[in-house]
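Undergrad: Sequence below, structure please.
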Amino acid sequence: MTLLPRIDQVWYKYVFLEELLGNVAGARQVFERWMAWEPNDKAWSAYIKLEVRYQELDRASKLYERLINCHPEPKHFVKWAKFEEERGNVGVFSQLTSTFPVLVAGAGFTSPEFSLGS
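TA: Numbers count the residues shown, from 1 in each chain. This is a model prediction of the structure:
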């Protein structure tokens, strides 16, 4: 297919069908085509959730980075930082919080090893 509609619901169903058929690689290809159009954050979240379901946490982390490059909003940064905190990725979390300390100051991170004062 060379021309696909820019209607989010069509893309969601397309991805769902690929995953339902067990074609995770195909679902990723569909998502990649969709992400090229820089859709809203819900579409990016759906792609991230797919990667998390299949324990592809490094891929999910890279998707968060791409999301922030596409939609540089504080809420996306905070979601990414919380994701890295939950998976225990101290290096990435430290890099994120040192780069954007104002954004995470009130974000409610809970792990002591992730305190902003260290």
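
Undergrad: For the rest of this, base every contact and every neighbour count on C-alpha atoms.
TA: Fine.

Undergrad: where are the low-confidence patches of this structure?
TA: Residues of the chain meeting the criterion pLDDT under 70: 1-4, 97-118.

Undergrad: again, 90 this time
TA: 1-7, 68-69, 72-75, 77-78, 80-82, 84-118 (pLDDT under 90).

Undergrad: how about the helices in it?
TA: 8-20, 24-35, 41-53, 57-70, 74-86, 90-99, 101-104 (DSSP state H).

Undergrad: can I get those in a markdown table with mean neighbour count?
TA: A markdown table is the format used below for the helices of the chain (neighbours: other Cα atoms under 10 Å):
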| stretch | mean neighbour count |
| --- | --- |
| helix 8-20 | 15 |
| helix 24-35 | 17 |
| helix 41-53 | 17 |
| helix 57-70 | 17 |
| helix 74-86 | 18 |
| helix 90-99 | 15 |
| helix 101-104 | 14 |
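
Undergrad: Keeping just the C-alphas, turn stretch 22-40 into CSV.
TA: Taking Å, rounded to 0.1, in the frame of the first residue of the first chain, the C-alpha atoms of stretch 22-40 are listed here in CSV:
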residue,chain,number,x,y,z
GLY,A,22,0.8,-12.8,15.8
ASN,A,23,2.7,-10.7,13.4
VAL,A,24,4.5,-8.4,15.8
ALA,A,25,7.1,-7.4,13.2
GLY,A,26,4.2,-6.4,10.9
ALA,A,27,2.6,-4.4,13.7
ARG,A,28,5.9,-2.5,14.1
GLN,A,29,6.1,-1.8,10.4
VAL,A,30,2.6,-0.3,10.5
PHE,A,31,3.5,1.8,13.5
GLU,A,32,6.6,3.0,11.8
ARG,A,33,4.6,4.1,8.8
TRP,A,34,2.2,5.9,11.1
MET,A,35,4.9,7.5,13.2
ALA,A,36,6.4,9.0,10.1
TRP,A,37,3.4,11.3,10.0
GLU,A,38,4.0,12.5,13.5
PRO,A,39,0.6,11.5,15.0
ASN,A,40,-0.6,12.6,18.4
